[in-house]
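S.K.: sequence and predicted structure, then a few things I'm wondering about:
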Amino acid sequence: MPRPTSAARRRPAAERDWLLRCYLLRATDSLAAAVVMYAVPLLVLALTHSPGWAGTAFLLEWLPRLLAIAGAGPLIDRRSPRAAVLGTGLLRAAAALATLVGLAAGAGPWIVLGFGVVAGMLAEAAFLANESLGGDASRRAGERAHRVQAVLTGTDQAALLVGPLVGGLLLLAGPALLLAAVAILSTLTATVALTMRSGRPHLHLVSDTAATRPLANLATGLDVLRRTPALAWLVGALACVNLASGLLQVSAPITVTRTLHHSSAAVGLVWSIAAALSLAAVAAARRAIDRWGLLGVGSASAAAMCTATLASALAPTLPLYAAAVGLLMAGEGAVTVVLRTARARLIPQRAFAATLASTVLIVLAPLPVAGLLVALWPAEHLRVLVALTAVAVSAGTWACFRGLRTHRTAWTTATDSEPAAKAA
């Protein structure tokens with residue numbers, strides 16, 4: 001019997017090393033992105049003491065992310081996911097250091113707003129690149145692909161759990177330490193990407209034709225939404241509840257520090273507790289869907305989010321406010337599971353990528369709107385805005401789920417559920 005060559009013996013070790021670097025790359029990049037996402041509005045609030053500026057920071061942080069969703073995929077396909085993560089890591093580190101130098105030189109809050117814009121776009125590009133690397137890792141794993149995806153998903157959730165807490169604690173020591181930490185994490189991400197070597201072709205996020213025609217791809221997805229009323233109503237419901245979620249994200253630093261009179265670390269603690277509850281809700285959602293169905297779980301989760309938004313506007317103490325935010329995030333976690341499951345059933349395989357991009361854009365569009373509302377609304381009446389939004393979101397969500405109920409047969413008769421689930 002022939003003995004394995006030295007190259008054959010080294011191959012499994014090389015594969016394990018590549019996969020571990022994939023996990024490390026995802027961890028460092030996700031943590032840096034989470035710290036920036038939650039810390040930039042806090043940093044602007046600390047520098048300006050103005051809720052309007054904090055809302056503007058959230059708006060300018062999220063609006064470019066929507067543009068990056070359509071534009072980053074083709075750029076990644078022209079190069080490679082590893083090169084994209086390397087480039088975004090280096091650019092984010094440079095942006096953090098430039099912001100640090102600018103603040104030390106006496107620059108105003110505009111430099112932080114600029115950092116939020118750049119960091120937001122880089123975060124979306126890095127996310128798409130990491131998703132492509134994760135797909136490649138799953139393809140290599142074969143029958144163990146679900147284990148790879150479980151680790152990657154857990155890594156993302158852990159970053160959302162730790163990121164706000166780390167950002168809040170670092171900000172207590174001043175903006176310099178926060179920006180330095182982001183630069184270090186980004187440099188570490190770039191270093192790991194630089195050391196990754198692979199002779200295999202990477203998994204393209206979209207086809208070559210779609211990569212060169214992102215606007216046409218988006219139009220195709222919107223046409224599928226128009227011809228699939230159940231999916232359109234579902235996306236509408238998700239956009240409604242995302243407005244409530246985005247409003248709490250941008251208003252939480254203002255409410256905790258100015259209304260409830262706690263430190264920025266308390267803001268991070270609130271969001272870390274909420275992320276833990278969201279993780280638990282995601283874990284429980286699958287069994288709940290098996291028992292009560294997509295429509296039942298989606299309706300209950302959306303109702304919980306609307307109730308939590310209204311409760312957050314009325315909460316007189318930090319524990320009650322944290323409980324309201326935790327309920328909202330738990331509902332959002334369950335609703336996300338409903339969306340992913342329904343998406344696999346309702347989107348035809350031939351238009352999956354295009355429709356996915358369209359649904360993501362529509363669902364995320366309320367986030368910059370939330371930032372704009374906070375920027376324009378009088379700071380002393382911010383809780384009134386949250387309460388009014390809760391009422392409006394409740395009405396919009398009720399209308400969308402009523403529309404969903406009239407098209408409920410589409411949830412169980414879609415013929416593309418199996419292929420689309422694989423494509424997801």
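M.R.: Received the coordinates, thanks. Just so you know, these numbers come straight off a predicted model, no measurement behind them.

S.K.: right, and T309 touches G246 too?
M.R.: No: at 10.7 Å, T309 does not count as touching G246 under the criterion of Cβ atoms under 8 Å. Bear in mind the C-beta positions are built from the backbone N, C-alpha and C, glycine included.

S.K.: would you agree L170 is in contact with L177?
M.R.: Yes: judged on Cβ under 8 Å, L170 makes contact with L177 at a distance of 5.1 Å.

S.K.: before we move on, back to that, who's more crowded, T309 and G246?
M.R.: Neighbours were counted for T309 and for G246 using other Cβ atoms under 10 Å; T309 has more, 27 against 24.

S.K.: tell me how far that one lies from T257.
M.R.: 20 Å (Cβ to Cβ, to the nearest Å).

S.K.: neighbour count winner among L170 and L177?
M.R.: L170 (24 against 14).

S.K.: contacts only, for the more buried one.
M.R.: 35, 39, 177-178, 181 (Cβ atoms under 8 Å, 6 or more residues apart in numbering).

S.K.: so for the closest residue to it other than its chain neighbours, what's the pLDDT?
M.R.: Among residues not flanking L170 along the chain, L178 sits closest, at 4.2 Å (Cβ to Cβ, 6 or more residues apart in numbering). Per-residue confidence at L178 stands at 89 (pLDDT).

S.K.: again, but for A239
M.R.: 90.

S.K.: about what we covered before: ok, and what's touching whichever strand or helix holds the residue nearest to L170?
M.R.: Element membership for L178 (DSSP states H and E) is helix 175-195. Outside of helix 175-195, the residues within contact range by Cβ under 8 Å, 6+ apart are 21, 24-25, 28-29, 31-32, 35-36, 39, 43, 46-47, 82-83, 85-86, 89-90, 92-93, 96-97, 99-100, 103-104, 112, 115, 119, 126, 166-167, 170-171.

S.K.: same deal with stretch 82-95?
M.R.: 25, 29, 32, 36, 72, 75-76, 115, 118-119, 122-123, 125-126, 128-130, 133, 182-184, 186-190, 193-194, 196, 198, 202.

S.K.: could you redo the last one with a cut-off of 7 Å?
M.R.: 25, 29, 32, 76, 115, 118-119, 122, 125-126, 129-130, 182-183, 186-187, 189-190, 193-194, 196 (Cβ atoms under 7 Å, 6 or more residues apart in numbering).

S.K.: kindly report the same for stretch 111-125.
M.R.: 33, 36, 40, 43-44, 47, 56-57, 60-62, 64-65, 68-69, 72, 84, 88, 91-92, 95-96, 99, 102-103.

S.K.: chain center to it: distance?
M.R.: Offset of stretch 111-125 from its chain centre (Cα atoms, centre = their mean, to the nearest Å): 14 Å.

S.K.: going along the chain, name the helices of the stretch 201-350 of the chain.
M.R.: 208-212, 214-227, 229-254, 264-314, 318-346 (DSSP state H, counting those that start in this stretch).

S.K.: please identify which of the ones you listed is closest to I362.
M.R.: Counting by Cβ to Cβ, I362 lies closest to helix 229-254 out of the helices of the stretch 201-350 of the chain; the figure is 5.2 Å.

S.K.: who are the packing partners of the closest one?
M.R.: For helix 229-254, the packing partners by 3 or more Cβ pairs under 7 Å, 6 or more residues apart in numbering; DSSP states H and E come out as helix 6-48, helix 51-78, helix 214-227, helix 264-314, helix 318-346, helix 352-364, helix 366-376, helix 382-406.

S.K.: those helices: which one's closest to R140?
M.R.: That would be helix 6-48 among the helices and strands packed on helix 229-254, by Cβ to Cβ, at 6.5 Å.

S.K.: average pLDDT across that closest one?
M.R.: Helix 6-48 comes out at a mean pLDDT of 79.

S.K.: before we move on, what about stretch 305-312?
M.R.: On average, stretch 305-312 scores 91.

S.K.: same check, this time on stretch 370-381
M.R.: Rounded mean pLDDT across stretch 370-381 is 86.

S.K.: can you give me the buried ones in it?
M.R.: By neighbour count with 16 or more other Cβ atoms under 10 Å, stretch 370-381 contains the buried residues 370-375, 377, 379.

S.K.: what's next to that stretch, contact-wise?
M.R.: Contacts of stretch 370-381 (Cβ under 7 Å, 6+ apart): 51-52, 54-56, 58-59, 62, 243, 246-247, 250-251, 382, 385.

S.K.: any idea which of those residues is closest to I289?
M.R.: L243 (24.0 Å).

S.K.: let me see the contact set for the closest one.
M.R.: 366, 369-370, 389, 393.

S.K.: how about 10 Å then?
M.R.: 309, 365-367, 369-370, 373, 389-390, 392-393, 396-397 (Cβ atoms under 10 Å, 6 or more residues apart in numbering).

S.K.: if any of those residues are buried, put those into a PyMOL selection.
M.R.: If you want just the buried ones from those in PyMOL, going by 16+ other Cβ under 10 Å, the selection is:
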select buried, resi 309+365+366+367+369+370+373+389+390+393+396+397
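
S.K.: and the contacts of L243, which is closest to V337?
M.R.: T397 (16.7 Å).

S.K.: right, and the closest one touches A300 too?
M.R.: No: the criterion here is Cβ atoms under 10 Å, and T397 misses it with A300 at 11.5 Å.

S.K.: what about A280, distance to H381?
M.R.: For A280, the distance to H381 - Cβ to Cβ - is 34 Å.

S.K.: again, but for G163
M.R.: 30 Å.

S.K.: quick one: pLDDT of the nearest residue to A288 once chain neighbours are set aside?
M.R.: What sits nearest to A288 in space, not counting adjacent residues and going by Cβ to Cβ, 6+ apart, is V297, at 5.0 Å. As predicted, V297 sits at a pLDDT of 86.

S.K.: okay, now V297: neighbour count?
M.R.: For V297, using other Cβ under 10 Å, the count is 23.

S.K.: do the same with the one 5 residues further on
M.R.: The burial metric for A302, expressed as a neighbour count using other Cβ under 10 Å, is 27.

S.K.: and the pLDDT at it?
M.R.: 87.

S.K.: I'd guessed it sits against W398; true?
M.R.: Yes: counting by Cβ under 10 Å, A302 touches W398, with 8.6 Å between them.
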